[in-house]
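[1] Pasted the sequence and its predicted model underneath.
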Amino acid sequence: MRRSTACAAGSTAAPRSPCLGDGFIWYALILALPLRYGAAGVRPAIVMAVTGALGVALYTLLKHLAARERPFITHSTIDPAAAPLDRYSFPSGHTLHAVSFAWQASAHFPQLGWVLLPLTALIAGSRVVLGLHYPSDVLAGAAIGAALAELGMSVG
């Protein structure tokens, strides 16, 4: 029997860790940069917000073009440990944003890297462990996230 769990507030069915990559941590980071670093954090925060929006548009388009079913849909022996945010798996949007935001924030504020880089690795790995993505979905998301981060770094 398949079971899915949600990351809704107050849900006792799901552990909190799968929810870390759902965006709230990155929104908090973007808001915290100007608060913590003052004027030096404003431009990186704005650029991260813009590259985040570009990331959503890009991965949404790619998911519809590729129309790759998630592993738990294709393989009945995989029981997803969390509910997916959408139907298709390619590329991993969670990984895309984790790589993009961690890369940009760490480039501007290297002292954040010791927290953001392991967090990014955990988010990326969790996508496969949770049964929501194939490894190639995660690798593609990481590559796109890195490209978006480089784009952001070139303007910000």
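    Noted; the coordinates are in hand.
[2] drop to CA atoms for contacts and neighbour counts, all remaining ones
    Fine.
[3] which intervals of this structure have sub-threshold pLDDT?
    1-22, 156 (pLDDT under 70).
[4] go with 90
    1-25, 69-89, 126-133, 155-156 (pLDDT under 90).
[5] just the helices in it please.
    24-37, 39-66, 71-74, 93-108, 113-129, 135-155 (DSSP state H).
[6] Buried residues, the second one. List them.
    When you say that, I think you mean helix 39-66. 41-42, 44-49, 51-52, 55-56, 59-60, 62-63 (16 or more other Cα atoms under 10 Å).
[7] any idea how far the residue nearest to the spatial centre of the chain lies from residue 119?
    Among the residues of the chain, residue 94 comes closest to the average C-alpha position under Cα atoms, centre = their mean, at 2.2 Å. Distance, residue 94 to residue 119, by Cα to Cα, to the nearest Å: 12 Å.
[8] now swap in residue 145 and tell me
    15 Å.
[9] Who has more neighbours out of those two?
    residue 145 (28 against 17; other Cα atoms under 10 Å).
[10] Pull out the buried residues from stretch 128-137.
    So, applying 16+ other Cα under 10 Å, buried residues of stretch 128-137: 128, 130, 131, 132, 133, 134, 135, 137.
[11] Just to check, the last one is in contact with residue 88?
    Right, the one you point to is residue 137. No - Residue 137 lies out of contact with residue 88 (Cα atoms under 8 Å); the separation is 10.1 Å.
[12] Thought residue 123 was touching the residue nearest to the centre of the chain, still the case?
    Yes - under the criterion of Cα under 8 Å, residue 94 makes contact with residue 123 at 7.2 Å.
[13] re the thing from before, for my notes, please list the helices of the chain in a markdown table and give distance to residue 83 for each entry.
    Shown next, in a markdown table, are the helices of the chain (distance: least, Cα to Cα, whole Å):
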| stretch | distance to residue 83 |
| --- | --- |
| helix 24-37 | 17 |
| helix 39-66 | 17 |
| helix 71-74 | 11 |
| helix 93-108 | 13 |
| helix 113-129 | 11 |
| helix 135-155 | 17 |
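[14] out of those helices, nearest to residue 81?
    Taking Cα to Cα, helix 113-129 is the member of those nearest to residue 81, at 8.2 Å.
[15] and the closest one, what does it pack onto?
    helix 93-108, helix 135-155 (3 or more Cα pairs under 8 Å, 6 or more residues apart in numbering; DSSP states H and E).
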